[in-house]
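> dropping a prediction and its sequence here:
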Amino acid sequence: MKSAAPTTIEQEQIVRLFESAGDLFATITPDGRLSLLNPAWEELLGWTREELLARSMRELVHPDDLEQTAAVLLAGRDHTAQLASFTNRCRHRDGSWRWLLWSARSDGALWYAAAKDVTDRMWLERQALHDPLTKLPNRLLLMDRAHQALTRLHRSGGLVALLFVDLDHFKAINDNLGHALGDHLLASVAARLEQMMRDSDTVARLGGDEFVVLAEDLQSDAEALAVAERVLHALQEPFVVGSAEVSMLASVGVSVSHDPEADPQALLREADVAMYRAKSSGGYRLELFDESLRREMSTHLDIDRRLGEALPRKELSLAYQPLFPLLGGRAVACEALVRWSPTEGDPVAPALFLARAQESGLIVQIGDWVLDTACAQAAAWRGVGEEVSVSINVSPRGLTELDLADRAEQALTRHGLPPQSLWFEVRESAILRDPERARATLQDVRSLGVRVALDGFGSGESRLTLPLSLPLDMLKLDRTLIAGLPEDRHKRAIVEASIALARAAGLQTVAVGIENDTQLRLVRELGCSLAQGFLLQAPDSPERMTLRAPRAVGSQTRWGLHARLQQRP
């Protein structure tokens with residue numbers, strides 16, 4: 001049954017509705033010609049209706065949206081009465097673009113369409129899905145596109161690759177250039193990565209100096225690695241930043257998957273793990289996530305899980321290794337070394353679980369426990385007349401992110417200890433994470449009267465000028481230097497130079513890793529102050545260790561040197 005034709009009054013109302021509506025109304029031919037428009041078009045796009053009617057949709061629609069729009073219009077010839085919804089961008093007379101959300105139905109000859117201006121909504125969505133500095137997709141959009149790319153493997157085959165790109169030493173460059181130019185450099189890196197990738201690939205920024213490339217339609221691991229190689233070489237080409245030219249080195253981790261059901265988040269984690277291996281191997285290189293890394297990652301996850309339970313289960317303990325004066329006498333300090341013996345399984349190497357603790361953030365809890373336990377031991381020694389200090393290794397996070405001086409003061413007060421009972425050891429790598437913050441922290445610590453040692457000096461990464469710019473009390477010479485004595489003349493020269501540098505800066509020196517009498521004699525002859533190593537005493541529990549060297553270190557008692565240590569400012 002046909003509906004009755006509209007009356008004259010109804011026709012007038014329809015015309016008035018058409019003319020006054022704020023939304024866009026149009027009739028469009030399947031080939032994209034606009035044949036009827038309401039006045040809202042003029043207000044939204046700035047063109048007159050006559051100008052718009054003289055154009056086709058092809059001239060108005062953004063090039064990136066043209067293919068989709070044309071496909072919808074042409075489909076109207078075969079699929080009449082079916083509602084179509086889609087978005088595209090149309091050009092304003094001033095050259096800008098407006099996002100339109102369309103609802104349209106075709107009768108085979110014409111499309112009858114209504115459109116809403118959703119530019120503000122699309123802008124907000126874009127802000128939520130894009131990095132504000134580089135305009136690249138952020139993690140959320142990257143993961144969505146990675147999911148879509150993996151799903152397409154059902155019909156396309158091949159593989160999908162994620163390239164995790166981390167710029168090497170960007171913080172130092174950023175500090176030298178200033179943050180404004182550092183941001184400009186990051187934007188330039190983003191632009192270059194986009195330029196070198198295919199249109200089907202996605203370049204995203206996760207934050208800081210971390211970028212990810214999503215590449216699909218690849219056929220082999222070798223092809224994915226070739227893309228990573230191009231990234232390394234492209235970033236090495238100089239960037240013009242202000243009046244300077246800067247070449248960026250990078251570490252790239254690559255993960256690949258042939259599985260349409262793979263988890264994008266897991267794929268990103270694998271690329272991240274591979275990138276860390278590349279960086280820890282010296283940087284400016286790429287690594288593919290393979291089975292060896294998968295086993296390593298599984299081990300790390302297992303350690304993270306069990307380490308979270310280690311403190312409540314009282315599986316952690318401290319071993320102590322004394323530092324003896326080379327002039328002879330009793331120990332002046334004992335370095336507290338963390339040990340982990342799980343109730344189930346074998347002991348875990350400190351280098352492994354402490355690295356995982358630093359990565360996971362558990363190092364904060366472990367650091368507080370070590371500080372409290374070591375101070376309690378120092379108090380116990382003082383209770384039996386042994387005025388020996390405890391020396392504690394400070395993690396990078398503990399040095400630059402926490403109020404170390406306050407924590408030290410609270411621990412000393414809690415156990416009734418004088419400040420000189422506590423030493424802190426820091427490594428150069430921890431200081432260089434945030435030199436200004438580290439310097440301020442060390443100054444606050446020394447203002448309490450707590451002593452500070454720069455650990456691992458001369459390891460190959462050390463800067464000779466660093467001890468002169470930091471509030472320190474001593475240098476601990478790296479065990480790799482001592483291990484080369486006396487045969488390695490180069491290392492002997494470094495030891496001599498380090499001791500001379502320490503003397504000039506008014507610092508004590510500690511020879512770490514003494515394992516034979518020749519090394520002991522030589523470091524004493526070179527003027528080293530203190531010694532530590534298995535020859536003198538291996539790390540042990542407080543109950544089994546002795547505070548007197550089991551063999552003669554020198555002919556004098558400790559008291560002369562110990563008194564000078566007490567008088568250090």
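Received the coordinates, thanks.
> can you verify residue 358 is assigned to a strand?
No: read with DSSP: H, G, I helix; E, B strand; the rest coil, residue 358 is helix and lies in no strand.
> right, and it touches residue 399 too?
No: counting by C-beta atoms under 8 Å, residue 358 stays clear of residue 399, with 11.3 Å between them. No exception for glycine: its C-beta is placed from N, CA and C like everyone else's.
> which one of these two has more residues nearby?
Taking neighbours as other C-beta atoms under 10 Å, residue 358 and residue 399 compare with residue 399 leading, 22 against 18.
> what sits closest to the more buried one if chain neighbours are left out?
Nearest non-adjacent residue to residue 399, counting by C-beta to C-beta, 6 or more residues apart in numbering: residue 430, 4.9 Å away.
> count of neighbours near the one you found?
21.
> could you pull up the residues touching it?
Applying C-beta atoms under 8 Å, 6 or more residues apart in numbering, we find residue 430 in contact with 394, 395, 396, 399, 400, 438.
> these two touch, right, the fourth one and residue 440?
No: because the distance of 10.4 Å does not satisfy C-beta under 8 Å, residue 399 is recorded as not touching residue 440.
> now the helices for the stretch 1-150 of the chain?
8-20, 40-45, 49-53, 57-60, 63-75, 119-129, 139-151 (DSSP state H, counting those that start in this stretch).
> tell me what the last one is packed against?
For helix 139-151, the packing partners by 3 or more C-beta pairs under 8 Å, 6 or more residues apart in numbering; DSSP states H and E come out as helix 119-129, strand 159-167, strand 202-207, strand 210-218, helix 264-280.
> okay if I get those as TSV plus distance to residue 242?
Formatted as TSV, those follow (distance: least, C-beta to C-beta, whole Å):
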stretch	distance to residue 242
helix 119-129	28
strand 159-167	18
strand 202-207	22
strand 210-218	22
helix 264-280	27
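> quick one: closest of those to residue 373.
Closest approach to residue 373 among the helices and strands packed on helix 139-151 (C-beta to C-beta): helix 264-280, 29.8 Å.
> which SSE is immediately downstream of the closest one?
strand 285-288 (DSSP states H and E).
> what strands line up against that following strand, and which way round?
strand 250-257 (parallel) (DSSP bridges).
> contacts made by the strand it pairs with with the rest, please.
So strand 250-257 is contacted by 150, 153, 159-168, 218, 221, 224-225, 228, 231-232, 235, 267-268, 270-279, 283-289 (C-beta under 8 Å, 6+ apart).
> any idea how far residue 534 is from the residue nearest the centre of the chain?
The centroid of the chain falls nearest to residue 210 when counting by C-alpha atoms, centre = their mean (6.9 Å). According to C-beta to C-beta, to the nearest Å, residue 210 and residue 534 sit 41 Å apart.
> how distant is stretch 353-369 from the center of its chain?
17 Å (C-alpha atoms, centre = their mean, to the nearest Å).
> now do the strands in the stretch 451-569 of the chain.
451-457, 474-477, 508-512, 530-532 (DSSP state E, counting those that start in this stretch).
> wait, residue 37 sits on residue 51?
No: under the criterion of C-beta under 8 Å, residue 37 makes no contact with residue 51, lying 10.4 Å away.
> between those two, which one's more packed in?
Per other C-beta under 10 Å, whichever of residue 37 and residue 51 has more neighbours is residue 37, with 21 against 13.
> would you list the helices of the stretch 1-150 of the chain in TSV and tack on distance to residue 404 and mean pLDDT?
Formatted as TSV, the helices of the stretch 1-150 of the chain follow (distance: least, C-beta to C-beta, whole Å; pLDDT from 0 to 100):
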stretch	distance to residue 404	mean pLDDT
helix 8-20	70	78
helix 40-45	60	90
helix 49-53	68	90
helix 57-60	63	88
helix 63-75	53	85
helix 119-129	38	76
helix 139-151	32	91
